[in-house]
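[1] here is my input; please provide its structure:
(chains A and B)
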Amino acid sequence: GAVVSQHPSWVICKSGTSVKIECRSLDFQATTMFWYRQFPKQSLMLMATSNEGSKATYEQGVEKDKFLINHASLTLSTLTVTSAHPEDSSFYICSATGTENTEAFFGQGTRLTVV
Amino acid sequence: AQSVTQPDIHITVSEGASLELRCNYSYGATPYLFWYVQSPGQGLQLLLKYFSGDTLVQGIKGFEAEFKRSQSSFNLRKPSVHWSDAAEYFCAVGAVTGFQKLVFGTGTRLLVSP
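    This next block holds a predicted model:
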């Protein structure tokens, strides 16, 4: 199956700093990528949908100025958590799909801890 | 709006016993349904999916699921559980605006006892 690589797998940052998470499709062109957030022992909640070359579409309640999403190429999308605070600590997972795909493929996830 | 309910937060099954994880969905049309498995601290792995056709779907690792429209259910089953199956299982439905955009259930944690 298609491979999606997410980097880093974990990151610890200081409160007030920004963190960038990368999501790459390694063997297919990802026209659409999705970013999810998962709190401990909870389900995944969709944050935003990004289409290559377009602005991301954010779900209700997600601050677009805090969670900056860029999808500048068909193989890479980035999520930047700006001015991170402890409440942003979570597990962030991306998924990617292309025009030929009937499913989205998930990355390994990134554990963000803000101290 | 779509929604997915997984009524069991956690289930414990003896190794070698059969398994059924429940999933009910709310959706106005024919749904796209998925089951994913997540090991601790890991991403999601697709077990199986239903788009159309045969309502009994075979997946990887010996899992299967049956789509029952009358019950709005898509339960996951395995005839004989292995210790390595212990993980979190998520049922998901594809969104109206695009079936790759998923609405997840709250998950069921499977524990396997010796």
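
[2] following the worst-scoring helix or strand of chain B on mean pLDDT, which helix or strand comes up?
    With mean pLDDT, DSSP states H and E as the measure, the helix or strand of chain B carrying the lowest mean pLDDT is strand B:98-104 (a mean of 80). The first helix or strand that comes after strand B:98-104 along the chain, using DSSP states H and E, is strand B:108-113.

[3] what's that following strand packed up against?
    strand B:10-14, strand B:19-21, strand B:87-95 (3 or more C-beta pairs under 8 Å, 6 or more residues apart in numbering or on different chains; DSSP states H and E). Where you see a C-beta, it was placed from the backbone N, CA and C, and this is true even at glycine.

[4] the ones you listed: which one's closest to B:Val37?
    Proximity of the helices and strands packed on strand B:108-113 to B:Val37 was assessed by C-beta to C-beta; the nearest stretch is strand B:87-95, lying at 5.0 Å.

[5] show me what from chain B comes close to chain A.
    B:34, B:36, B:41-46, B:49, B:51, B:90, B:98-107 (C-beta under 8 Å from any C-beta of the partner chain).

[6] the least confident helix or strand of chain B: which residues count as buried?
    Of all the residues in strand B:98-104, those buried under the rule 16 or more other C-beta atoms under 10 Å in any protein chain shown are B:Phe99, B:Gln100, B:Lys101, B:Leu102, B:Val103, B:Phe104.

[7] so which elements touch it?
    For strand B:98-104, the packing partners by 3+ C-beta pairs under 8 Å, 6+ apart come out as strand A:32-38, strand A:44-51, strand A:90-97, strand B:3-5, strand B:87-95.

[8] buried deepest among those, which one?
    strand A:90-97 (a mean of 26; mean count of other C-beta atoms under 10 Å in any protein chain shown).

[9] would that one count as contacting chain B?
    Yes - under the criterion of C-beta under 8 Å from any C-beta, strand A:90-97 makes contact with chain B via A:Phe91, A:Ile93, A:Ser95, A:Thr97.
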